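Novice: sequence first, predicted model second:
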Amino acid sequence: MISGYNPLDTLPPSADDEIKSQELLKVLNEQNTFESDQRMEHRKHVLTRIEEIIQLWVLEIYEEKFKIKASQKLGTFAKLYTFGSYRLGVCTPLDDIDTSCICPEYVDRRADFFTRFPSRLEEQKGIELVINVPNAFVPHIKVFIEGIWMDISFANLNQASIPENLNIFDDNIFFSFDQLSLRSLNGCYVEDAIMRLVPQAETFRTSLRFVKLWARKRGIYGNIYGFLGGISWTILTAFVCILYPTASPSRIVFRFFFLYENRKWDKQAVTLFSQKEQNKQIIDYTLRRNQYIDRIQLEEKMNQDQKPGNIASEINQQENRNKEADQEIGTKIRRQLGNRYCTCSSFNVQTQACIQIK
């Protein structure tokens with residue numbers, strides 16, 4: 001997949017860029033933005049355990065509804081897909097794990113998943129809390145298991161069983177999902193597209209970690225608070241990586257604040273595809289697949305426009321009022337990155353700047 005944009009700069013990183021990128025990494029380590037190898041293994045263990053619980057639960061539903069022993073049934077009972085920071089490879093110790101559980105057609109969303117499954121989870125050792133959130137835009141169950149929060153959404157595959165080699169990115173499989181299921185899987189589709197578009201995965205990840213750290217320190221992170229959420233910051237960062245495909249992380253962050261500092265958000269959307277490419281593939285893609293996947297257009301607008309595709313439509317007026325103050329902090333970071341004598345401590349001063357409520 002290509003973005004359709006011509007790079008603005010393809011010069012390799014200078015020695016100074018590399019030094020500043022190392023300073024950037026120091027900040028990220030000092031701010032505890034990396035999960036340890038041991039904790040990552042624990043996350044994998046938790047995911048495996050949840051998938052096993054789901055498999056056994058769906059097996060029982062199958063036997064109950066069809067009065068047939070599960071050994072007579074071919075195929076897999078369920079699949080668990082991840083998305084969000086875990087899938088992107090940028091999760092922090094405090095991040096939850098976003099997942100989508102794909103079940104066969106005989107598992108009912110409301111009667112089974114949102115009514116019976118929470119009780120099954122509450123019976124499991126190590127699960128301390130289960131919260132049903134069936135009326136959210138993406139309905140899900142929140143689970144606190146072995147010290148980690150997980151969000152489990154539900155996707156119904158219109159087939160009698162789940163193929164062992166299920167590929168949710170295959171068009172034939174895609175059309176086997178209903179609209180709510182596609183909404184649950186939307187994060188997987190969007191993030192897969194992003195990772196195929198960014199030229200340097202590790203540069204993108206390091207840059208995104210810093211941008212998210214800055215947004216959190218400024219108190220402007222999270223859809224539920226009326227601010228840009230994780231996917232929004234991800235798109236904005238990926239856009240800069242596409243325009244500067246050979247840049248180092250420090251240069252990407254510099255360009256991030258430079259590019260967005262004076263952007264006219266009411267007129268200029270950010271999309272990872274040029275208009276030409278949208279006409280050729282993306283619009284066709286979204287029309288064929290349906291409105292819930294229109295985030296594949298990766299559009300970002302800092303206004304109150306509620307049209308489909310605008311994943312920043314929930315931004316509140318408080319963020320708009322604070323935008324100038326936040327841009328000022330971003331400008332200071334950009335100037336530090338442009339300063340030959342930039343140090344790790346100077347980054348910390350800016351990322352930990354106090355939030356000013358106006």
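Specialist: Right, received. Where do you want to start? All figures in this text were calculated on a predicted structure; none of them were measured in a lab.

Novice: how far away is the spatially closest residue to Met195 that is not a sequence neighbour from Glu51?
Specialist: Closest residue to Met195 in three dimensions, ignoring its sequence neighbours and counting by CB to CB, 6 or more residues apart in numbering: Ala201, at 6.5 Å. For the C-beta atoms, the positions are set from N, CA and C on the backbone; glycine is no exception. Computed as CB to CB, to the nearest Å, the Ala201 to Glu51 distance reads 25 Å.

Novice: which one of those two is surrounded by more residues?
Specialist: Residue environment comparison for Ala201 versus Glu51 gives the larger neighbour count to Glu51, 16 against 13, counting by other CB atoms under 10 Å.

Novice: nearest spatial neighbour of that one, skipping sequence neighbours?
Specialist: Closest residue in space to Glu51, ignoring its immediate chain neighbours: Leu80 at 4.3 Å, by CB to CB, 6+ apart.

Novice: packing partners of the helix or strand encompassing Phe254?
Specialist: Phe254 is part of helix 249-261, with elements assigned from DSSP states H and E. With contacts defined as 3 or more CB pairs under 8 Å, 6 or more residues apart in numbering; DSSP states H and E, helix 249-261 has these neighbours: helix 15-30, helix 201-217, helix 230-243, helix 317-338.

Novice: and that helix, how far from the chain's centre?
Specialist: 20 Å (CA atoms, centre = their mean, to the nearest Å).

Novice: hey, which helix is longest across the chain?
Specialist: helix 37-66 (DSSP state H).

Novice: so after that one, what's the next helix or strand?
Specialist: On the C-terminal side of helix 37-66, the nearest following helix or strand under DSSP H and E is strand 79-83.

Novice: how many other residues sit next to the residue nearest to Asn158 when sequence neighbours are not counted?
Specialist: Leaving out its chain neighbours, the residue that sits closest to Asn158 by CB to CB, 6+ apart is Ser176, at 4.3 Å. Burial of Ser176, expressed as a neighbour count using other CB under 10 Å, amounts to 16.

Novice: and the pLDDT for Thr331?
Specialist: pLDDT recorded at Thr331 is 58.

Novice: next, the buried residues of stretch 103-112.
Specialist: Burial within stretch 103-112, assessed by neighbour count using 16 or more other CB atoms under 10 Å, is assigned to 103-104, 106-109, 112.

Novice: list the residues that contact the residue nearest the centre of the chain.
Specialist: The geometric centre of the chain, computed from its C-alpha atoms, lies nearest to Gly84 (CA atoms, centre = their mean), at 3.1 Å. Gly84 makes contact with 91, 95-98, 187, 191, 230, according to CB atoms under 8 Å, 6 or more residues apart in numbering.

Novice: put the buried members of those into a ChimeraX selection.
Specialist: A single ChimeraX command suffices to select whichever of the contacts of Gly84 are buried according to 16+ other CB under 10 Å:
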select :91,95,96,97,98,187,191,230
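
Novice: for Leu8, state which of the contacts of Gly84 is nearest.
Specialist: Relative to Leu8, the closest of the contacts of Gly84 is Glu191; by CB to CB it sits at 24.2 Å.

Novice: the helix or strand hosting that closest one vs strand 79-83, what angle?
Specialist: Per DSSP H and E: Glu191 is located in helix 179-197. Using axes from the mean of the first three to the mean of the last three CA atoms, to 10 degrees, the direction of helix 179-197 lies 50 degrees away from that of strand 79-83.

Novice: helices or strands up against helix 179-197?
Specialist: Counting contacts by 3+ CB pairs under 8 Å, 6+ apart, helix 179-197 is packed against strand 79-83, helix 85-88, strand 97-103, strand 148-156, helix 230-243.
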